[in-house]
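S.K.: I'd like to go over a predicted model; first the sequence, then the structure.
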2 protein chains.
Amino acid sequence: MGDVFKALADPTRRTILDELTERDGQTLFEICVRLTSRHQLSLTRQAVSQHLAVLEEAGLITTRKQGRYKFHHLDTTPLAAIFERWPVTRKGQTP
Amino acid sequence: MGDVFKALADPTRRTILDELTERDGQTLFEICVRLTSRHQLSLTRQAVSQHLAVLEEAGLITTRKQGRYKFHHLDTTPLAAIFERWPVTRKGQTP
DNA sequence: ACAATAGGCAAGCCGTCACTTGCCTGTCAA
DNA sequence: TTGACAGGCAAGTGACGGCTTGCCTATTGT
């Protein structure tokens, strides 16, 4: 569970999750391009690759390899554990 | 929002939130005692104080000063923003 | 009044982290 | 088949984070 928060602690990794939310199953280069063109983030390919490794180890993304491409898919199920640990009071919620 | 994840990235801070979930409105020394006696964490008072500062800056706890005591109260509303950013699929949920 | 209690401030140490650079592996097309 | 393309594997660097140490302020009880 600590890995999830450690992964989400970095703003670049959160932006990557945003990208995959909008368009799932992207490859490493696609993510690199979209990070620079849409979020003004100029990062090396290695940097993005390391970020993806952290996200995968946290269970927030899954990878599917196909030929020389590797597609990354979002998986938000680890986030559900947050609610089971600390009861969250949302707007309009009657506990 | 980044402050929330940075705050939750540390296991000690998550344990502090657990403590406040079980018993809200504790003081600094109370938290110190319970961290050592119930979680086998031997930390300095300063360390815990700094953790509490991080949690407060993230909006996860609020403080109420009364005389020479300062009580800490849990506030999980910042966690709700996580779901509004990434749709979480829980068990038995039909979207 | 004064000593104990509850907490704060600031500097310093050491480990972790984000990022880069350089080189290497595997896959597809011309 | 050979070169272009997608990706991986380190090692190195600079900065940030967690924790300690030392000293200081304010409030309470006897």
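M.R.: Thanks, I have the structure now.
S.K.: residues contacting the residue in chain A positioned nearest to DNA strand C?
M.R.: For chain A and DNA strand C, the shortest gap (C-beta to the nearest atom of the strand) falls at residue A:67, measuring 2.5 Å. Backbone N, C-alpha and C define where each C-beta goes, glycine included. Applying C-beta atoms under 8 Å, 6 or more residues apart in numbering or on different chains to residue A:67 gives no contacts.
S.K.: wait, residue A:60 sits on residue A:17?
M.R.: Yes - with contacts counted by C-beta atoms under 8 Å, residue A:60 reaches residue A:17, the gap being 6.6 Å.
S.K.: Spit out the residues that contact the two alike.
M.R.: With C-beta under 8 Å, 6+ apart, residue A:60 and residue A:17 have common neighbours A:8, A:74.
S.K.: And chain B, is the worst-scoring helix or strand of chain A on mean pLDDT touching that?
M.R.: The weakest-scoring helix or strand in chain A, judged by mean pLDDT, DSSP states H and E, is helix A:80-85 (a mean of 86). Yes - applying C-beta under 8 Å from any C-beta of the partner chain, one finds helix A:80-85 in contact with chain B at A:80, A:82-83, A:85.
S.K.: Neighbour count for residue A:60 and residue A:17, which is higher?
M.R.: residue A:60 (24 against 19; other C-beta atoms under 10 Å in any protein chain shown).
S.K.: how far away is the more buried one from residue B:20?
M.R.: Here residue A:60 is placed at a distance of 26 Å from residue B:20 (C-beta to C-beta, to the nearest Å).
S.K.: do the same with residue A:51
M.R.: Residue A:51 is 32 Å from residue B:20, where distance means C-beta to C-beta.
S.K.: The two - which one has more neighbours?
M.R.: Counted by other C-beta under 10 Å, residue A:51 and residue B:20 do not tie: residue B:20 has more neighbours, with 23 against 20.
S.K.: burial count for the nearest residue to that one once chain neighbours are set aside?
M.R.: Using C-beta to C-beta, 6 or more residues apart in numbering or on different chains and skipping the chain neighbours, the partner closest in space to residue B:20 is residue B:74 (4.1 Å). Neighbourhood size, residue B:74 [other C-beta under 10 Å]: 21.
S.K.: do the same with residue A:78
M.R.: 17.
S.K.: show me the residues around it that make contact.
M.R.: Applying C-beta under 8 Å, 6+ apart to residue A:78 gives the contacts A:1, A:4, A:58-60.
S.K.: Can you narrow those residues down to the ones near chain B?
M.R.: Answer for the contacts of residue A:78 near chain B (C-beta under 8 Å from any C-beta): residue A:1.
S.K.: centroid residue for chain A?
M.R.: Nearest to the geometric centre of chain A sits residue A:17, at 3.2 Å (C-alpha atoms, centre = their mean).
S.K.: looking at it, residue A:85 is touching residue B:18, isn't it?
M.R.: Yes - with contact taken as C-beta under 8 Å, residue A:85 and residue B:18 are classed as touching, separated by 7.5 Å.
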